[in-house]
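Enquirer: got a structure for you, letters missing:
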């Protein structure tokens, strides 16, 4: 197995996009506007985050659709909207706001959190059509995929700009055998690099497993982190936590 320590393309730092869904969850649990989602997004950027990610769901249990419109007005870094493009409401929301990036995730209605990537072979025609809709609007497209070379190859045929590697399996097995846990992701990344598509990653990445991942995935452009980062901020403070995560991305 090839380990890619210190071989990141052009030695560029992987960008950190902060998912602020959990801030919205906390706000919604009490009503009102505390914590202030918009202020938190501004602060994340001020503290060094290179992007803001939101994942609105149809029931608006965390990010509300109106939040997206308000965030679009103030986000100065990369704005990334994740969601299920099988919902027309989501498609309309993205097209109305034109973020820098849309990440397409194959969620089902009522799903607690994302738990699998697209079958890019089975859904190839559908993805081609949806990706074209967003790209024609000038929006960069990333699609959620499992770390399987065949799925990456299928993704490349859809016309997507990037893939987002679903990292739950890596995070779950990291403490047992990190080399084995990361091996499928390295192979998926090699395939993506060979095919000329960009690589993002996300889900359950944290301060314990992030650095090993960023050091060993060739061409990793961006990680999107929410739950772990917001949890750590309860102990370390938001500014310090973002700086801690940025150090893991170097």
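Expert: Received the coordinates, thanks. Source: prediction; values computed, not measured.
Enquirer: check the secondary structure at the residue nearest the centre of the chain for me.
Expert: Against the mean C-alpha coordinate of the chain, by CA atoms, centre = their mean, the closest residue is residue 224 at 3.8 Å. Of the three states, residue 224 takes strand according to DSSP: H, G, I helix; E, B strand; the rest coil.
Enquirer: my guess is it contacts residue 80. True?
Expert: Yes. Checked against CB atoms under 8 Å, the pair residue 224 and residue 80 is within contact range at 6.6 Å. Backbone N, C-alpha and C define where each C-beta goes, glycine included.
Enquirer: overlap in contacts, these two.
Expert: Common neighbours of residue 224 and residue 80, using CB atoms under 8 Å, 6 or more residues apart in numbering, are 17, 51, 53, 103.
Enquirer: which residues touch the second one?
Expert: Residue 51 makes contacts with 15-18, 77-80, 100, 222, 224, as judged by CB under 8 Å, 6+ apart.
Enquirer: tell me the contacts of the residue with the largest distance to the centre of the chain?
Expert: For the chain, the C-alpha farthest from the mean C-alpha position belongs to residue 32; by CA atoms, centre = their mean, that distance is 27.7 Å. Applying CB under 8 Å, 6+ apart, we find residue 32 in contact with no residue.
Enquirer: quick one: residue 218 and residue 232, what's the gap?
Expert: When distances are taken as CB to CB, to the nearest Å, residue 218 and residue 232 turn out to be 27 Å apart.
Enquirer: these two: which is more packed in?
Expert: residue 232 (19 against 15; other CB atoms under 10 Å).
Enquirer: ok, the more buried one touching residue 208?
Expert: No. Because the distance of 10.4 Å does not satisfy CB under 8 Å, residue 232 is recorded as not touching residue 208.
Enquirer: next, the buried residues of the strand or helix carrying residue 73.
Expert: Under the assignment given by DSSP states H and E, the secondary-structure element containing residue 73 is helix 65-74. Neighbour counts over helix 65-74 (16 or more other CB atoms under 10 Å) mark 65, 67-68, 71 as buried.
Enquirer: can you check stretch 12-31 too?
Expert: Of the residues in stretch 12-31, 14-24, 27 count as buried by neighbour count, 16+ other CB under 10 Å.
Enquirer: gap between it and the chain center?
Expert: From the chain centre to the centre of stretch 12-31 is a distance of 11 Å (CA atoms, centre = their mean, to the nearest Å).
Enquirer: end-to-end on it?
Expert: Criterion CA to CA, to the nearest Å; first-to-last residue distance in stretch 12-31 is 41 Å.
Enquirer: many thanks, we can stop here.
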